[in-house]
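S.K.: Just a sequence and a predicted model for now, questions to come.
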Amino acid sequence: MASPNPAPKKSAMAHIRNIGIMAHIDAGKTTVSERLLYLSGREHKIGEVHDGDTTMDWMVQERERGITITSAVTTFNWEVAPKSPAAAAGTIALPSKAEMHLIDTPGHVDFTIEVSRSLRVLDGAVTVFDGVSGVEPQTETVWRQADRYKVPRIGFINKMDRIGADYWRSLHMMEERFGEHCAPAALPIGTENKHRGIVELVERRAWVWDDPQDPVSVEIVDVPADMVDDVEKARNILLERIAIADDEFAMTWLETPDALSTNDIHAAIRRAVIANKLVPVLCGAALRNKGIQPLLNAIVLWLPSPDDVAEIDGVDPKTREPLHRPHDPKAPLAGLAFKVAMMGDDGRRLVFVRLYSGTLTAGMDVLNPTRGIKEKVSRIFQMHANKRDRIESIGAGNIVGVLGLKHTKTGDTICDPTKPILLEQIDAYEPVISQSIEPEQTRDRDKLLETLAKLADEDPTFRWREDPQTGQTIISGMGELHLDVLADRVRREFEVPARIGKPQVVYRETITATASEEDTFERQSEGDYLYGNIGVRIKPLERGTGNVVEWAFPPEGTVLPWFTEELKRIIKLGIDNQLNSGVLSGDPAQDIHVAITHVGWKEGINKPVGATIAASGALRKAMQAAKPARLAPIANVEVSTPPEYTGDVIGSINQRRGQIENMEEITPQVSHIKALVPIERMFGYSTELRSMSQGRASFQMTFSHYDIA
């Protein structure tokens with residue numbers, strides 16, 4: 001007999017989950033990812049971080065350091081099993097299986113661009129928390145990045161088998177830091193060395209793993225008798241928070257609660273998660289193979305498919321009029337290049353693309369409206385970390401690797417040449433630390449520069465330049481670890497022996513007073529008459545504002561035929577050139593308001609480039625007169641330490657000219673100290689901290705702002 005409420009027909013995209021694993025360093029992201037691959041049948045052996053044989057951390061530098069450095073993409077399938085009898089009997093159509101496109105992201109702040117560009121193209125995410133430490137500094141950073149891109153997520157409190165693990169304390173930290181839409185969806189059966197499994201709150205069933213070495217050997221049993229009351233209390237908290245997030249569910253729950261099936265609850269959780277109004281939180285111990293199957297089920301049941309998210313927004317590249325593209329393989333092609341990698345075997349550029357609409361086919365021509373060029377797709381690959389499976393065609397909703405896009409960079413759009421659209425680009429980050437790098441042999445200099453260009457193509461946070469004063473090659477990045485890894489890749493992957501100098505911070509300049517100046521440039525050059533006469537007025541802005549350039553010319557009501565948009569562009573170019581090179585040490589200037597107060601003009605000028613030179617000269621004079629100051633980068637430093645070392649840690653931060661912002665005892669075993677410290681004073685701090693705490697303390701450093709040195 002046909003169902004009285006037949007489920008609507010789903011597209012192929014309804015079975016796709018584009019998800020990421022994100023967390024603070026050492027919370028267990030890669031360990032979770034390896035279990036997902038094993039249980040799904042994608043891998044036949046579990047890779048371990050401590051053994052250096054993981055699938056997702058495939059780089060030599062990752063395996064040696066035991067950390068994730070680059071985001072890796074893989075694909076696998078999962079079917080929800082065993083199905084709940086109550087859910088199977090429901091009339092609401094719930095997803096039961098999915099093709100997972102998984103990105104395992106780094107947890108170290110030096111590689112935060114990998115998290116940002118991954119979240120930009122994901123539909124959902126799993127945030128992993130350390131059951132002992134709870135919400136850690138980088139967790140907050142990646143959470144804010146997920147908020148920025150409105151990525152629905154679920155939580156997984158890991159390491160419930162460790163001494164000091166506390167599910168409720170970690171959940172309360174999430175509620176305090178992120179909001180009360182974080183809700184319990186599972187409870188641990190025992191903690192520390194007594195951790196045996198979890199209880200699913202929706203289904204009211206227990207998963208028990210008696211053999212920690214075998215993730216497949218799981219029993220599904222009734223809730224332990226001594227946990228029944230706790231499970232009901234936690235389940236009511238979950239239902240209350242679903243009701244707050246979903247009006248449809250709230251009415252049924254308040255009026256006829258007995259009519260609710262587990263199917264209804266799963267469907268309501270799914271709606272609330274997709275609307276970013278609920279974060280259900282599971283738990284387990286990934287290293288002991290506990291809690292992974294329920295997590296996989298939750299990803300399928302609760303996180304969105306491309307069908308569930310809004311159409312992708314963009315603009316017309318020429319008119320800037322808003323445009324939209326549906327998640328439909330039959331619609332015009334639109335995709336975003338979110339990562340560039342050099343293929344290890346032959347050094348060719350592999351561009352990772354998220355397809356939002358249309359179908360991508362090998363051999364087709366595509367438009368890159370970001371750069372105004374056409375490119376040809378030569379090959380398409382479905383990725384499994386550093387392995388590739390070649391395919392001929394792929395539709396919307398997928399993440400693939402593409403060969404042939406020679407000029408496409410991170411954040412560029414590719415689209416149908418006849419239906420152009422420009423998608424939102426990916427935020428970049430400014431580097432804060434620099435080092436010199438030189439080849440050991442002069443003959444290797446060209447090869448070194450070619451290698452640095454390739455690395456900069458891969459990594460938008462990495463920059464390199466030649467210092468005009470010393471002739472040295474300077475590399476800049478997000479931190480000591482970032483540059484150390486890149487230098488190691490130069491030597492080992494690209495086989496260029498190189499010497500690295502001591503790290504130095506990247507400074508900025510600003511002004512501390514107001515000033516007005518004027519400059520005139522006049523010269524005859526090869527028959528051309530160059531003339532410019534520009535006046536400017538400058539004043540300092542609040543720290544972090546950036547630079548603002550405004551026109552206070554011509555006087556209101558005045559019409560000057562010669563004052564064209566082209567002339568304004570040329571003058572603005574001169575202003576920008578000078579702002580990029582300060583008057584103290586040539587570092588970029590920031591937080592300056594520039595008003596252009598006067599523009600001189602002589603009839604018969606055929607080369608207005610003189611206005612560019614005069615604009616730079618006027619601004620340079622004004623900056624010299626406005627009491628210029630050097631700005632140094634300041635870091636947010638968060639130290640996790642056993643309480644007995646708190647005094648030593650505070651003393652060391654004070655010695656480094658740091659300012660203590662907050663102290664908090666997370667558990668009897670762990671205290672958190674937050675401080676603002678000049679980055680130039682943090683070199684070598686990891687060694688000092690390990691020494692003073694017998695290796696038991698750790699710290700996280702993130703760039704905060706620039707301030708007067």
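M.R.: The structure has been received and is ready for your questions. Numbers count the residues shown, from 1 in each chain.

S.K.: Helix or strand: which one has the residue nearest the centre of the chain?
M.R.: Centroid-nearest residue in the chain: residue 116, 1.6 Å away (criterion: Cα atoms, centre = their mean). Using DSSP states H and E, residue 116 maps to helix 112-119.

S.K.: Other residues contacting that helix?
M.R.: Defining contact as Cβ atoms under 8 Å, 6 or more residues apart in numbering, one finds that helix 112-119 is touched by 20, 22, 69-71, 103, 105-106, 125, 138, 141-142, 145-146, 148-149, 151, 338-339, 410-411, 426-429, 459-461, 478, 702. For glycine as for every other residue, the C-beta is placed from the backbone atoms N, C-alpha and C.

S.K.: Among those, name the ones in helices.
M.R.: Taking DSSP state H, the ones among the contacts of helix 112-119 that sit in helices are 138, 141-142, 145-146, 148.

S.K.: quick one on the thing from earlier: buried ones in the helix holding residue 116?
M.R.: For helix 112-119, a neighbour-count test (16 or more other Cβ atoms under 10 Å) marks 112-119 as buried.

S.K.: for the record, mean pLDDT for that helix?
M.R.: Mean pLDDT, computed over helix 112-119, is 77.

S.K.: With only the CA atoms kept, save that helix in CSV.
M.R.: Output of helix 112-119 as CSV, limited to C-alpha atoms (Å, rounded to 0.1, in the frame of the first residue of the first chain):
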residue,chain,number,x,y,z
THR,A,112,44.3,29.2,9.8
ILE,A,113,43.9,30.1,6.1
GLU,A,114,43.4,26.4,5.4
VAL,A,115,40.4,26.4,7.8
SER,A,116,39.0,29.6,6.3
ARG,A,117,39.1,28.6,2.7
SER,A,118,37.7,25.1,3.6
LEU,A,119,34.8,26.6,5.5
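
S.K.: Next, the angle from it to helix 137-148.
M.R.: Here helix 112-119 runs at an angle of 40 degrees relative to helix 137-148 (axes from the mean of the first three to the mean of the last three Cα atoms, to 10 degrees).

S.K.: what's the neighbour count on the residue nearest to residue 454 when sequence neighbours are not counted?
M.R.: Nearest non-adjacent residue to residue 454, counting by Cβ to Cβ, 6 or more residues apart in numbering: residue 342, 5.5 Å away. The tally of other residues near residue 342 (other Cβ atoms under 10 Å) stands at 18.

S.K.: So residue 342 is in contact with residue 386, correct?
M.R.: No. Taking contacts as Cβ atoms under 8 Å, residue 342 lies outside contact range of residue 386: 11.3 Å.

S.K.: about what we covered before: what's across from the residue nearest to residue 454 in the sheet?
M.R.: Beta-bridge partners for residue 342, by DSSP bridges, are residue 349.

S.K.: which one of the ones in helices among the contacts of helix 112-119 is nearest residue 673?
M.R.: residue 138 (15.8 Å; Cβ to Cβ).

S.K.: Chain neighbours aside, what residue packs nearest to that closest one?
M.R.: Nearest one to residue 138, counting by Cβ to Cβ, 6+ apart, is residue 24 at 4.1 Å.

S.K.: Mark out where each domain of the chain begins and ends.
M.R.: 12-308, 312-423, 433-506, 513-626, 631-708 (automatic domain parsing).

S.K.: Residue 387: neighbouring residues, count only.
M.R.: Residue 387: 11 neighbours (other Cβ under 10 Å).

S.K.: how much space between it and residue 102?
M.R.: According to Cβ to Cβ, to the nearest Å, residue 387 stands 14 Å off from residue 102.

S.K.: what's the answer for residue 463, then?
M.R.: 30 Å.

S.K.: repeat for residue 468
M.R.: Residue 468 sits at a distance of 46 Å from residue 102 (criterion: Cβ to Cβ).

S.K.: who's more crowded, these two?
M.R.: Per other Cβ under 10 Å, whichever of residue 468 and residue 102 has more neighbours is residue 102, with 25 against 8.

S.K.: Report pLDDT for the more buried one.
M.R.: Per-residue pLDDT puts residue 102 at 87.

S.K.: what secondary structure does the residue lying closest to it once chain neighbours are set aside sit in?
M.R.: Excluding its sequence neighbours, the residue lying closest to residue 102 (Cβ to Cβ, 6+ apart) is residue 74, at 5.2 Å. With DSSP: H, G, I helix; E, B strand; the rest coil as the basis, residue 74 sits in strand.

S.K.: wait, doesn't residue 472 sit right on residue 439?
M.R.: No. Applying Cβ under 8 Å, one finds residue 472 not in contact with residue 439, separated by 11.6 Å.

S.K.: Same drill for the two, tell me which one is more crowded.
M.R.: Remark: of residue 472 and residue 439, residue 439 carries more neighbours, 19 against 14, as counted by other Cβ under 10 Å.

S.K.: Return the set of residues that bridge with the more buried one.
M.R.: Here residue 439, judged by DSSP bridges, has bridge partners residue 498.

S.K.: Please tell me how far it sits from residue 504.
M.R.: 20 Å.

S.K.: Stretch 378-398: which residues count as buried?
M.R.: Quick answer for stretch 378-398 (16+ other Cβ under 10 Å): 379-386, 388, 394-398.

S.K.: Let me have those in a markdown table, extended by secondary structure, pLDDT and distance to residue 46.
M.R.: Shown next, in a markdown table, are the buried residues of stretch 378-398 (DSSP: H, G, I helix; E, B strand; the rest coil; pLDDT from 0 to 100; distance: Cβ to Cβ, whole Å):
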| residue | secondary structure | pLDDT | distance to residue 46 |
| --- | --- | --- | --- |
| 379 | strand | 92 | 31 |
| 380 | strand | 93 | 30 |
| 381 | strand | 90 | 25 |
| 382 | strand | 87 | 22 |
| 383 | strand | 80 | 20 |
| 384 | strand | 78 | 16 |
| 385 | coil | 72 | 14 |
| 386 | coil | 70 | 18 |
| 388 | strand | 79 | 23 |
| 394 | strand | 92 | 29 |
| 395 | strand | 92 | 32 |
| 396 | coil | 91 | 33 |
| 397 | coil | 89 | 29 |
| 398 | coil | 91 | 27 |
